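J.: Okay, predicted coordinates and the sequence, questions at the end:
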Amino acid sequence: MAVKIYIVYYARSSCLYRLAEKIRTGAESVEGVKATLWKVPDKQMIDWPKGSFKTEMDIDIPVIKPDELPKADGFIFGFPSRFGMMAPQFKAFLDATGCLWKTQELAGKPAGIFCSAHHQGCGQETSALSAVTQLVHHGMLFVPIGYTFRPGMFEMEQVKGGTPYGTASYSFEEPTFLELEQAFHQGNYIATITKKLKGYAI
């Protein structure tokens, strides 16, 4: 049976979608892995100025429901930063997983995180950390990438996102080449770990 990776994200700009696609490519570069993109429900909570940036509402990505999560063997969750935390739309989705928390159906399953924060100091690390508490309550295994993306983690000649917690971008629309390479690496890395762990989830 294929190892199933769910890449679940929320976005109002194209940047996170492009990172998610690259993560999927990286995950499926591991033999026996099938990666699927999912979007969380888009409950508009912010009054963005019309036309302020490109959205991806026209892309045919299915919307996930909480009861579909247990079908996956591993996850990579993505969201933009809002004041140094995950976007409220993604938190609303995680808040709706109470039934899964009660049964601990996600316990033992690995999960990684990627995000976007559109300027330095906007919270790439704290946004990732804001999601770890949800993973902990579900008994899931947070899988950071550490400094395994070498030598890209130490690049100092260009503006780029990305932290030991996971892939990140400063862009609204087009991630940089290095950010996309890190996304591919994260997909491959977490898929490899998920494949090793499959069969051991509680």
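T.: Sure, I can see it. Numbers count the residues shown, from 1 in each chain.
J.: For burial, what's the neighbour tally of V136?
T.: 11 (other CB atoms under 10 Å). For every residue, glycine as well, the C-beta is placed using N, CA and C.
J.: Equivalent analysis for the one 4 residues further on, please.
T.: Close neighbours of M140, defined as other CB under 10 Å, add up to 20.
J.: Kindly report the same for P70.
T.: Applying other CB under 10 Å, I find that P70 has 13 neighbouring residues.
J.: How about it, nearest residue that isn't a chain neighbour?
T.: In space, and not counting its chain neighbours, P70 is closest to E105: 4.4 Å by CB to CB, 6 or more residues apart in numbering.
J.: mind checking which helix or strand of the chain has the lowest mean pLDDT?
T.: None of the helices or strands of the chain scores lower by mean pLDDT, DSSP states H and E than strand 85-86, at a mean of 81.
J.: who does that one pair up with?
T.: strand 74-82 (antiparallel) (DSSP bridges).
J.: just the CA coordinates of the partner strand, formatted as CSV?
T.: C-alpha atoms of strand 74-82 as CSV (Å, rounded to 0.1, in the frame of the first residue of the first chain):
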residue,chain,number,x,y,z
GLY,A,74,1.7,11.8,7.6
PHE,A,75,1.1,15.5,7.1
ILE,A,76,2.7,18.7,6.1
PHE,A,77,0.6,21.8,7.2
GLY,A,78,1.0,25.2,5.6
PHE,A,79,-0.3,28.7,6.4
PRO,A,80,0.7,32.4,6.3
SER,A,81,1.8,34.2,9.4
ARG,A,82,-0.6,36.6,11.1
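J.: Go through that strand and flag the buried ones.
T.: Within strand 74-82, the residues scored as buried using 16 or more other CB atoms under 10 Å are 74-82.
J.: likewise stretch 82-90?
T.: 82, 85-90.
J.: So the residue nearest to K71 when sequence neighbours are not counted versus G74, what's the distance?
T.: Nearest in space to K71, with sequence neighbours left out and distances taken as CB to CB, 6+ apart, is K4 at 6.5 Å. For K4, the distance to G74 equals 8 Å [CB to CB, to the nearest Å].
J.: ditto for K65
T.: Distance, K65 to G74, by CB to CB: 18 Å.
J.: Could you look up the SS state of the residue nearest to P70?
T.: Under DSSP: H, G, I helix; E, B strand; the rest coil, E105 falls in the coil class.
J.: Phi, psi for it please.
T.: phi -70, psi -20 (degrees, to the nearest 10).
J.: going forward, begin numbering at 37 instead of 1
T.: Fine by me, first position is 37 from now on; the one you just mentioned is E141.
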